[in-house]
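Trainee: My questions are about this predicted structure, shown below with the sequence.
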Protein chains: 2
Amino acid sequence: MTITTPEGFVANGIASGIKASGAPDLAILASATGMAVPTAAVFTTNLAAAPPVTVSRRHLAVTGGRQVAVVVSSGNANAATGEQGRRDAEAMCALSAEGIGCRPEEVLVCSTGLIGYPLPMDVIVGGIPELVAGRGAGAEHAAAAATGILTTDGGRKEALVAGPGFAVAGMAKGAGMLAPNMATMLAFLTTDAAVEPGPLADLLALAVGGSFNAMSVDGCTSTNDTVVLMASGRAGPADPAALAAAVTEVCADLAGQMAADAEGASKVAHVRVTGAASDADASRAARKVAESLLVKCSFNGEDPYWGRVVSELGSSGSAFEMDRVQVTYGGVTVCRAGVAVAHDAGAVRSHLAGRSIDLHCDLGIGDGSGAIMTVDLGHGYIDENRGTS
Amino acid sequence: MTITTPEGFVANGIASGIKASGAPDLAILASATGMAVPTAAVFTTNLAAAPPVTVSRRHLAVTGGRQVAVVVSSGNANAATGEQGRRDAEAMCALSAEGIGCRPEEVLVCSTGLIGYPLPMDVIVGGIPELVAGRGAGAEHAAAAATGILTTDGGRKEALVAGPGFAVAGMAKGAGMLAPNMATMLAFLTTDAAVEPGPLADLLALAVGGSFNAMSVDGCTSTNDTVVLMASGRAGPADPAALAAAVTEVCADLAGQMAADAEGASKVAHVRVTGAASDADASRAARKVAESLLVKCSFNGEDPYWGRVVSELGSSGSAFEMDRVQVTYGGVTVCRAGVAVAHDAGAVRSHLAGRSIDLHCDLGIGDGSGAIMTVDLGHGYIDENRGTS
């Protein structure tokens, strides 16, 4: 049942007609009682944030982090739509609230899809009452919701972790490796643990930093990225550390599913940097390598071109000493002290031929470490992203 | 004659055997008298700078900016080659100095090609005496030098500007849009104007900032990038402003030739940002757009996906207000005040179908402006960069 497995939640998803294909395009997640529950959210840092983000931020501030529901539309991002977009996002909340019987500010809203087109509000206005009325806690409701948020995804992305006395579940859509023209990353999590809004926001921020934010496909930050976590409290108080670990695990699981669902990519690469002057230095260096077009092309070509990796490390802005760097593919070190070393080239080739690449760079300077997950860059990415039509 | 057109210079280029293809791979540019002349250089900021860069920096410091020659090898970057690489770079200078009859420190050295392989010093040691002995001021010498520095370039890149009473010439190889695995950008300029090393360095830095540094192909900074300017003084003192303008013009001309020589790309795009809070903000925003994989894919697909452009502007780190942004392709505004506006879609399509794209973003905030030249991202780039072999 996933998103409704933690007690106290209902969900639904329907096809309203936003998508020409007739695929599901509206989803809702709500507290089962219709009463507000502690809710936390992390939004995109993009200053071109879409109206649904602006509206959700405002609603969360108004309620002090106590929401009843989040309504989601897919196929159109309601981004770069100005004042009309803000009115449409507010209308989606108001309509949902009317169906549930709560205040509009108690509803958050997310949209995902193409940027720059007004929402087709006629079909959305027609669909939301049916969406809300049909909500439930069954497996079919959870699946419908997890389907209704998708765009070009290959399938539903769901995760569930059982903690001591509580559960955490999640559903997601995205991300960039699919078709970044619809690159929004959305994730919705539920837990039956009892947590106040403040601590809930803290632990969600930590979990997102260690999962979704450690994934880089193309260095682009969507206008609509949103992660929401609702806590029903049905299971009572939970051990804070165990809860934080479970939320992080669900986020990491969903992030991994996003990377694996790679229409436009053929490989997932884990770029790890150790021995950096600080964790921040390590993360910055790992991100520079992971976002390098040349390194991503070399993953696609299964070419252990460590010279380019070293070049990216050297221009990352992090402390770097050429004579100390070591580069290792799949456990086989190809560069030590900044120069080529004899190694088992067959083993490296065989590792790079797989779907999952492990690239480990040790800077030999300090104790800082960090990692970024990315994908290769091949024809598929370009074919997915050459045009919007 | 180009690089030897300004009086007081000799040059040469030969095939020594570094390249398996047998193409020219060694070049030299020297003062005609064998005496040191004021020389300025701008090097890569990459902390993984290659041994030739390290050695040239040191030589320039030792002489106080007075050099006799610069020797160049192509096909192998002598990068990530450690202590051996430093010895090899020093040996190239020493051998050249021996042939010319000057001190090794009076010679600069550049290499370009693959990273991580020791230089084949046997063939280089064999080739340099012939290279030096054959130097001359003729057109054939200039052409041989301009050919000897190339890697995957489609042809020689040369430029010449006649100022009032002086001349500035240049030759270059690169850059990233060709095959960034050999992405080093090298440029060598000569002038017969009389300028002391200090002012010469200042005007070169300015010229590079307004030309090569305003070009971004893939956001990668090579380990070997170098620009050298030598001033023979034969023409006597020049008007400083006129000289600076001429040097900038030569650099911009060479940068344009690099962008146009785009095996792996089909279009050159000029991304201009105006109305920014500052020039720095404008340049940062233009670079974020120009380096966006999604925007580069949309250029390739001739798709005016301004929503993604706006998203990049919003996440650039520069001051941005969604409701003020305007986006214009080839003079046709497609987004005003952050939302779509009715426009001549046929005119936009027709502009994007050309080889040169003009994308103008006005942020509507202040007076800052900046521009970056880039290329599209298509299959060709990937095919060029999947492997080193």
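Mentor: In hand now; what should we look at?
Trainee: only C-alpha atoms for contact and neighbour calcs from this point on.
Mentor: Noted.
Trainee: what helix or strand does the closest residue to A:S283 other than its chain neighbours sit in?
Mentor: Nearest non-adjacent residue to A:S283, counting by CA to CA, 6 or more residues apart in numbering or on different chains: A:G370, 4.5 Å away. In the assignment (DSSP states H and E), A:G370 maps to strand A:368-375.
Trainee: Restrict that strand to CA atoms and write it as CSV.
Mentor: Extracted C-alpha coordinates of strand A:368-375, given in CSV (Å, rounded to 0.1, in the frame of the first residue of the first chain):
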residue,chain,number,x,y,z
GLY,A,368,36.7,15.2,4.3
SER,A,369,34.4,13.0,2.3
GLY,A,370,31.4,13.3,0.0
ALA,A,371,29.6,11.5,-2.8
ILE,A,372,27.3,12.3,-5.7
MET,A,373,25.3,10.0,-7.8
THR,A,374,25.0,10.8,-11.5
VAL,A,375,24.4,9.1,-14.9
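Trainee: helices or strands up against that strand?
Mentor: The helices and strands touching strand A:368-375, judged by 3 or more CA pairs under 8 Å, 6 or more residues apart in numbering or on different chains; DSSP states H and E, are helix A:240-260, strand A:268-276, helix A:279-290.
Trainee: most tightly surrounded among those?
Mentor: Mean neighbour count, computed with mean count of other CA atoms under 10 Å in any protein chain shown, is highest for helix A:279-290 among those, reaching a mean of 26.
Trainee: Just the pLDDT for A:E263.
Mentor: Here, the pLDDT recorded for A:E263 equals 61.
Trainee: okay, now the domains of chain A?
Mentor: Domain ranges of chain A: A:2-260, A:268-385, per automatic domain parsing.
Trainee: pretty sure A:G338 contacts A:R324?
Mentor: Yes - using CA atoms under 8 Å, A:G338 is in contact with A:R324, at 6.0 Å.
Trainee: hang on, the earlier thing: need the domains of chain A in JSON lines (columns: mean pLDDT and distance to B:L150).
Mentor: Output for those, formatted as JSON lines (pLDDT from 0 to 100; distance: least, CA to CA, whole Å):
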{"stretch": "domain A:2-260", "mean pLDDT": "92", "distance to B:L150": "31"}
{"stretch": "domain A:268-385", "mean pLDDT": "92", "distance to B:L150": "19"}
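Trainee: what about A:P164, neighbour count?
Mentor: Residues lying near A:P164 (other CA atoms under 10 Å in any protein chain shown) number 10.
Trainee: element containing A:A201, please.
Mentor: Judged by DSSP H and E, A:A201 forms part of helix A:197-209.
Trainee: what pairs with the following helix or strand past that helix, and is each one parallel or antiparallel?
Mentor: Going down the chain from helix A:197-209, the next helix or strand is strand A:226-237, by DSSP H and E. Partners of strand A:226-237 in the sheet, by DSSP bridges, are strand A:37-43 (antiparallel), strand A:186-194 (parallel).
Trainee: for those strands, which one ends up most surrounded?
Mentor: strand A:186-194 (a mean of 25).
Trainee: for that one, the distance to its chain's centre please.
Mentor: 14 Å (CA atoms, centre = their mean, to the nearest Å).
Trainee: How about stretch A:193-207?
Mentor: On CA atoms, centre = their mean, the centre of stretch A:193-207 falls 17 Å from that of its chain.
Trainee: in that stretch, what's buried?
Mentor: A:A193, A:A194, A:V195, A:E196, A:P197, A:L200, A:A201, A:L203, A:L204, A:A205, A:A207 (16 or more other CA atoms under 10 Å in any protein chain shown).
Trainee: now stretch A:154-170
Mentor: Buried residues in stretch A:154-170 (16+ other CA under 10 Å): A:R156, A:K157, A:E158, A:A159, A:L160, A:V161, A:G163, A:F166, A:A167, A:V168, A:A169, A:G170.
Trainee: Please apply the same query to stretch A:7-15.
Mentor: With burial defined by 16+ other CA under 10 Å, the residues of stretch A:7-15 counted as buried are A:E7, A:G8, A:F9, A:V10, A:A11, A:N12, A:G13, A:I14, A:A15.
Trainee: quick one: what helix or strand has A:G113 in it?
Mentor: Counting by DSSP H and E, A:G113 is found in strand A:107-114.
Trainee: Following element in sequence after that strand, please.
Mentor: Next along from strand A:107-114, by DSSP H and E: helix A:121-133.
Trainee: distance between that following helix and the chain's centre?
Mentor: 26 Å.
Trainee: ok, now stretch A:343-357?
Mentor: That offset, for stretch A:343-357, works out to 29 Å (CA atoms, centre = their mean).
Trainee: How about stretch A:311-325?
Mentor: Distance, stretch centre to chain centre, for stretch A:311-325: 29 Å (CA atoms, centre = their mean).
Trainee: Same question for stretch A:30-47.
Mentor: 15 Å.
Trainee: gap between the two ends of that stretch?
Mentor: From its first residue to its last, stretch A:30-47 covers 28 Å (CA to CA, to the nearest Å).
Trainee: Next: stretch A:334-350.
Mentor: Criterion CA to CA; first-to-last residue distance in stretch A:334-350 is 14 Å.
Trainee: which parts of the stretch 201-350 of chain A sit against chain B?
Mentor: By CA under 8 Å from any CA of the partner chain, the residues of the stretch 201-350 of chain A that approach chain B are A:218-223, A:292-294, A:297-303, A:305-308, A:310-315, A:320-323, A:337-340.
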